[in-house]
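Here is the input, now give the coordinates:
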Amino acid sequence: QVQLVESGGGLVQTGGSLRLSCAASGRTFSSYAMGWFRQAPGKEREFVAAIQWNSGSTLYADSVKGRFTISRDNAKNTVNLQMSSLKPEDTAVYYCAARLSAVVRATGYNYWGQGTQVTVSS
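Residues are numbered from 1 along each chain as shown. Model prediction:
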């Protein structure tokens, strides 16, 4: 059973930084793509970033490219999202997700965490 638990959300001012972590368990994730998604109030959930666990290949939404960095820690079995130069429009619930895939992908995720709130004040 895949379990994903996010942590690290909170309140930050515009221009600040936050680091989200996703603790993954229940599988050997080398054959998985891991993603971060977000959902703002009244909006649909959207792709943020993804990484293929084995290769380390990454993919980013245009809106976060150059500001966010996704990485994985094999020793801790975590996937991290380092967010910098945060903007009020980054405010959302951020979700960690996983899918079986040998390549990095932005869609088709079928395992989800419970989410963590990120609020960026102006």
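
What residues does residue 33 make contact with?
50, 51, 52, 53, 98, 99, 100, 101, 103, 104, 105, 109 (Cβ atoms under 8 Å, 6 or more residues apart in numbering). (Glycine included, C-beta is placed from N, CA and C.)

which of these count as buried?
50, 51, 52, 53, 98, 99, 101, 104, 105, 109 (16 or more other Cβ atoms under 10 Å).

would a markdown table of those residues with secondary structure and distance to residue 86 be doable?
Formatted as a markdown table, the buried ones among the contacts of residue 33 follow (DSSP: H, G, I helix; E, B strand; the rest coil; distance: Cβ to Cβ, whole Å):
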| residue | secondary structure | distance to residue 86 |
| --- | --- | --- |
| 50 | strand | 20 |
| 51 | strand | 20 |
| 52 | strand | 26 |
| 53 | coil | 26 |
| 98 | strand | 25 |
| 99 | strand | 27 |
| 101 | coil | 29 |
| 104 | coil | 24 |
| 105 | coil | 25 |
| 109 | coil | 24 |
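
closest to residue 4 among those residues?
residue 98 (6.2 Å; Cβ to Cβ).

mind listing what the closest one touches?
Counted by Cβ under 8 Å, 6+ apart, residue 98 has contacts 2, 4, 24, 27, 29, 32, 33, 34, 35, 109, 110, 111.

out of everything not next to it in sequence, what's closest to the residue nearest the centre of the chain?
Nearest to the mean C-alpha position of the chain, counting by Cα atoms, centre = their mean, stands residue 36 at 2.4 Å. Nearest non-adjacent residue to residue 36, counting by Cβ to Cβ, 6 or more residues apart in numbering: residue 48, 4.3 Å away.

got the contact list for the nearest residue to residue 68 once chain neighbours are set aside?
Once flanking residues are discounted, residue 68 sits nearest to residue 83: 5.1 Å by Cβ to Cβ, 6+ apart. Going by Cβ under 8 Å, 6+ apart, residue 83 touches 17, 18, 19, 20, 64, 67, 68, 90, 118.

where does the fourth one fall, helix, sheet strand or coil?
Think residue 20. strand (DSSP: H, G, I helix; E, B strand; the rest coil).
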